[in-house]
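Asker: got a predicted model here, sequence first, then my questions.
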Amino acid sequence: MNLPVKLAVFISGSGSNLQALIDSSKAGRLSAEIVLVVSSRNDAYGLVRAQNEGISTFVYRSKDFQTPEEGAEHLLHIMEEYDVDYIALAGYLKMVPLSIIRKYKNRIVNIHPALLPKYGGKGMYGHHVHEAVLASGDTESGATVHIVDEIYDHGKILLQKRVPIHPGDTPDSLAERVLAVEHQIYAEALEQLIKGNI
């Protein structure tokens, strides 16, 4: 595969991890050109971030199609139109269609705001994760970059970084520290995967 590879980023919200990937690509720390941003919501601020950088965007909502299969087929066609090599999920809150997971086997990555496998699975996203970590009494949390397979938060772990939990932490304060780590490790893990080092 020629470098830089072509990367699609899937989002559902503000797109701060998208911005971190854009910045890493522009700085030469990520051997990928972000060619497409796919959002599950038409009001996601990440779409504005993409448009500000001249990156093509597509809003993919299964409700816009008669069947899930039709929607997945349309999305796959868009990915092929942009010659997408890899997909990065950055706060994407929907399940990626199985046809896409199979077509891009071992080339879809996700960043998760906790240490997998302990705090993963359906319903473990956003503040739900940080609330669960704090309720557990654990002394540390962190972020995990992993390959996406057919089960939520299940694929091979590529990179993890830990952060301490401080007395008096709230879901907000913990989320802020974990997000800073996410921004550090996502491009690093993607770069290692693209270059075949992990």
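Answerer: Looks like it arrived, so ask away.
Asker: the bottom helix or strand of this protein by mean pLDDT?
Answerer: Every helix and strand of the chain was ranked by mean pLDDT, DSSP states H and E. The lowest is helix 127-136, at a mean of 92.
Asker: report the buried residues of that helix.
Answerer: 129-130, 132-134 (16 or more other Cβ atoms under 10 Å). For every residue, glycine as well, the C-beta is placed using N, CA and C.
Asker: tell me, which helix in the protein spans the most residues?
Answerer: helix 171-194 (DSSP state H).
Asker: buried sites along that helix?
Answerer: In helix 171-194, counting by 16+ other Cβ under 10 Å, buried: 171, 174-175, 177-179, 181-183, 185-191, 193-194.
Asker: elements contacting that helix?
Answerer: Helix 171-194 sits against helix 16-26, strand 32-39, strand 86-89, strand 108-112, helix 127-136, strand 140-147, strand 157-164, with contacts defined as 3 or more Cβ pairs under 8 Å, 6 or more residues apart in numbering; DSSP states H and E.
Asker: okay if I get these as TSV plus distance to residue 64?
Answerer: Listed next are the helices and strands packed on helix 171-194 as TSV, based on distance: least, Cβ to Cβ, whole Å:
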stretch	distance to residue 64
helix 16-26	22
strand 32-39	12
strand 86-89	20
strand 108-112	22
helix 127-136	27
strand 140-147	28
strand 157-164	32
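Asker: among these, show the one with the smallest mean pLDDT.
Answerer: Mean pLDDT is lowest for helix 127-136 among the helices and strands packed on helix 171-194, at a mean of 92.
Asker: hmm, who's touching that one?
Answerer: When contacts are defined by Cβ atoms under 8 Å, 6 or more residues apart in numbering, helix 127-136 is touched by residues 112-114, 119, 124, 141, 165, 169-172, 174-175, 178.
Asker: with distance to residue 7 added, can I get those residues in CSV?
Answerer: Shown next, in CSV, are those (distance: Cβ to Cβ, whole Å):
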residue, distance to residue 7
112, 18
113, 21
114, 24
119, 26
124, 25
141, 27
165, 32
169, 33
170, 34
171, 30
172, 30
174, 29
175, 25
178, 23
